[in-house]
Every structure is written in C-alpha cells, then in structure tokens.
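Enquirer: Provide a 3D model corresponding to the input given below.
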Amino acid sequence: MVTTDALAINAHDVEKVVGDLRIIDADAHFTEPPDLWTSRAPANLRSQVPVLRTIDGVTAWYLGDYVFASVGGNTIQEGHRKVLGTQTLQPFEEIDRASWDVSARLQLLDEMGVYAQILYPNAVGFASNSMFGIEDLKLRNAVQTMYNDFLVELQHESNNRLFPQAVLPVWDMDLTLKEMTRLREQGITGFTISDKPHMVGLPDLDAPYFAPMWSLANDMGAVINFHIGSGGHRQMGAEDPEISEQIRRGSAVAGPNPDLYWESFGPQRRLAILATQFYMSNVRIITNLCMSDMFDRYPNVKIASAESGLGWIPFVLEAMEYQLDEMVTDPSEVKLQKRRPSEYFRDHIYVTFWFERVGPTKLLEDIGVRNVLVETDIPHPTCIYPGAKERIASVMAQLDPVTRRRILQDNAVELYGLPIPTDRR
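Expert: The predicted model follows:
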C-alpha cells in the first residue's frame, strides 16, 4: 500500500532545522475530561449538566436520557499509540490520558518537541453550535459558562503552554459581550465561532446583530477563529434514534451521503473522502470576509482559519481578484470595500498546515509567509503523530531560517499575543 510517511530525517538534522525555536502548534484539540461539568456545577444543577456514560461499550455525553455529544475525535490510545482507520476510540478508557489531562498533555508536548498549543474543543464541536441543542436557556448558559471556566483553569494550570480558544454564547449578544470581557480579563487569547450561524437560526456574521461582538473583538485585539466543521446544527437527537446514535458514536459517515461520497464505499473510505473535502470548507468564510467591508469596519480584527490547509489558498485568492473585476460592476457594489480581497487576506487572515508538503514549500510566496501557521491536530485522525517534529523539520528544511522562525514560532506568538519567551538564553 502506498503511504505518505514523513521523509526520513536524522536527529541532528531535525535540531539543525528547528534549533532553539519554540514550535507553536496552532491547532490541537483538548478532549473534555469526565468530570468537566459535574465538578463545577452548583448542587442544584449537578443532576442536569452533561455526564459521561458508557452504554454497550460506547462512551458519550448525556443530558438526562438524551445524547448530548460524542467524546470527540480521539485516535491516540493509552500508551501514546496512534490507531489508524478510526474517528474515535471506544470506550473512553481506551483514550490516552494526554488527550484530556493537562500534565499528561504537557509531557506529550515535550515528547513531540512542541512548546505550546492553541486548543479547540473536541466533544462539544469546534464552536458553540452544539450548545443550541440545550433548549433550557438557563441550563444552556450555565453549561457554556462552566465549559469556559474549565478552559481558563486549563490555561493557568499549563503555565501558559496551552491556550484554549473559548466558545461564545452567540444566542445572546449581551451575554456574549460579557463573556468575552470576562474571559479576556482572565487571559484567554481568542474565541472560536461558527462560520454558519444561519444553521442555528441566527443572521449572517456581517449583520447588525453581530456588530457588537466584532466591535469588542476589534477593541480587544482578540483573535476570531473559524475551525473547519464548526458550522453544523447539533441536536440531541431525542426525536430521531438514528441521529442520536450517530452523535453518540461520533460518526461523520453513518449513512449514505451522495453529495460527498459514493454509496458503494465502506466507512473508512467515506471518512477519507469526507476529510479531504472538509479541509476546504472554510473557503466560504474566507471568501465572504475578503469580499466584504468587514475589515474596513474592524481593522484590528485577526482571523485564524484552523485545520483548513494551504494548497487551495493561492487559487482562491486569484479567483476572488478575477471574479471581483468580472462580476462586480454596479457602482453601489463596487464601493462596498476600500481594498482588494488579497490585501484583506494578507493583513487579517492566517491559515494552518500540518501534513502538506507542496503548500509550505512551493506556495508561500503566493500565500504570504506572515499568514502561515503550523499545527499537529492532536488527537484527531489526521494528526501528525508520532514524529510531528521530524515531519515539520523535513518540510521546513529547504526554507531559510527567517521563514522557518516566522512559521514555526513568531507568527503564532504575535497573532495570539502569547506570553512565551522566544529566547532560550
């Protein structure tokens, strides 16, 4: 079978490429620990918050009798062994402790040669859309607040090596602003939101409804993150047993989906096809942002497109420029934005790579060296583990030292304002 393993590179050459750089992993995930909500809930809510249960060998999060969420993507088995061909290990006891325990995660980072990570949720989805499945607003607010409390504790416990991006209660804009302020004061460096709020009944991101959020982010200089796959409408599946079982098992390919893959394929090949298309799902948010006046209105806002890859970026930048000139001729539309789409991209948007070789070696000039971050995607199925540092070094080897420093360290430090010493002397 043909594989895409990292090019062989010896330890001496790895250190020669990486040197004293502190590698910042710009997209990893932290699995929600078993006591996340029960240990933080007040006595009157302890019986109502999500709990982890294992039924018939499958572990999932439950709210009462209903499935709330799976355990998320977890392919690192106890003992630091990556299991191929699966989305998630079952039951929870099979999952390596480094997926959900701070001290174990830091030990894993040391093993990988990674200094710090930007973290996204796992089980609850990559933004707050799954929270909409909780119909009781008071309970929803409480569950979301406890989750962010956990993220703050996680960052502090890691001694500023783990930087989770908080979820926002976008169903209530006043509460969103309060939460942004509260979390920023406690050191949170950015927020992860859905690129498709219409999936949960909210207006588009450029609508007046979201203006206070953008304005506050602009004043704060906080990063707004769009992780691929954050735009679904997650429900607890009470009315549909098939949906409930799909959520419980964390399966993205539970049944036929002619829009994505051929019905004759098995579940593993379906997953590979889905994942390949998934990376480019952020083309929608990037194109809409760069074709709008959002960055004229909010010039200090920075955007991170997580787990979306690099290879398709030059084509989309070129396509936006061409189509803007070909299609937008009405004076009322021409005057919408003050600058070109590629200019907005260069000044405001950051993209990540992990398994790619072509993008980070041949397309940097077209993308922009200052717009590129590196990631590992631990502990998801596509994560570059084991051998993350070696793979990164083999890709970076042919680049000059200044470019390597930008991509592996400085871009992320500057974007997120990380309190990380970049000089080891």
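Enquirer: Can you give me the buried ones in the lengthiest helix in the chain?
Expert: Of all segments of type helix in the chain, defined using DSSP state H, the longest is helix 137-157. Within helix 137-157, the residues scored as buried using 16 or more other Cβ atoms under 10 Å are 140-152, 154-155. (Glycine included, C-beta is placed from N, CA and C.)
Enquirer: Can you give me the end-to-end span of stretch 318-335?
Expert: Terminal residues of stretch 318-335 are spaced 20 Å apart (Cα to Cα, to the nearest Å).
Enquirer: do the same with stretch 198-205
Expert: The first-to-last residue distance of stretch 198-205 comes to 9 Å (Cα to Cα).
Enquirer: Give me the mean pLDDT for it.
Expert: Throughout stretch 198-205, pLDDT has a mean value of 94.
Enquirer: quick one: contacts of it?
Expert: Stretch 198-205 is contacted from outside by 129, 132, 170-171, 193-195, 197, 209-210, 214, 231-233, 285, 288, 294, using Cβ atoms under 8 Å, 6 or more residues apart in numbering.
Enquirer: Break down the stretch 251-400 of the chain into its helices, ranges please.
Expert: For the stretch 251-400 of the chain, applying DSSP state H, counting those that start in this stretch gives helices covering 267-278, 283-290, 294-297, 313-327, 331-334, 341-348, 358-362, 364-367, 388-396.
Enquirer: tell me the angle the second one makes with helix 341-348.
Expert: Helix 283-290 runs at 100 degrees relative to helix 341-348, counting by axes from the mean of the first three to the mean of the last three Cα atoms, to 10 degrees.
Enquirer: about what we covered before: just the buried ones among the contacts of stretch 198-205, please.
Expert: Burial by neighbour count, judged by 16+ other Cβ under 10 Å, picks out 129, 132, 170-171, 193-195, 197, 210, 214, 231-232, 285, 294 from those.
Enquirer: Please identify the buried residues of stretch 65-73?
Expert: Within stretch 65-73, judged by 16+ other Cβ under 10 Å, the buried ones are 67-73.
Enquirer: Quick check on residue 71: phi, psi?
Expert: Residue 71 has phi and psi values of phi -90, psi 0 when expressed as degrees, to the nearest 10.
Enquirer: so where's the stretch 101-250 of the chain uncertain?
Expert: Applying pLDDT under 70 to the stretch 101-250 of the chain flags the ranges 233-246, 249-250.
Enquirer: Go again with 90.
Expert: 125-130, 133, 229-250 (pLDDT under 90).
Enquirer: can you pull out the strands in it?
Expert: 116-120, 162-164, 166-167, 190-192, 223-227 (DSSP state E, counting those that start in this stretch).
Enquirer: Residue 315 is nearest to which of the ones you listed?
Expert: strand 223-227 (19.0 Å; Cβ to Cβ).
Enquirer: quick one, helices of the stretch 1-150 of the chain?
Expert: Using DSSP H, counting those that start in this stretch, helices in the stretch 1-150 of the chain cover 11-18, 102-112, 137-157.
Enquirer: Mind checking these for the one nearest to residue 359?
Expert: Closest to residue 359 of these is helix 11-18 (Cβ to Cβ; 17.5 Å).
Enquirer: other SSEs contacting that closest one?
Expert: In this structure, helix 11-18 makes packing contacts with helix 388-396, judged by 3 or more Cβ pairs under 8 Å, 6 or more residues apart in numbering; DSSP states H and E.
Enquirer: quick one: furthest residue from the center of the chain?
Expert: Farthest-out residue of the chain from its mean C-alpha position, per Cα atoms, centre = their mean: residue 331, at 37.8 Å.
Enquirer: Residue 320 versus that one, what's the distance?
Expert: 20 Å (Cβ to Cβ, to the nearest Å).
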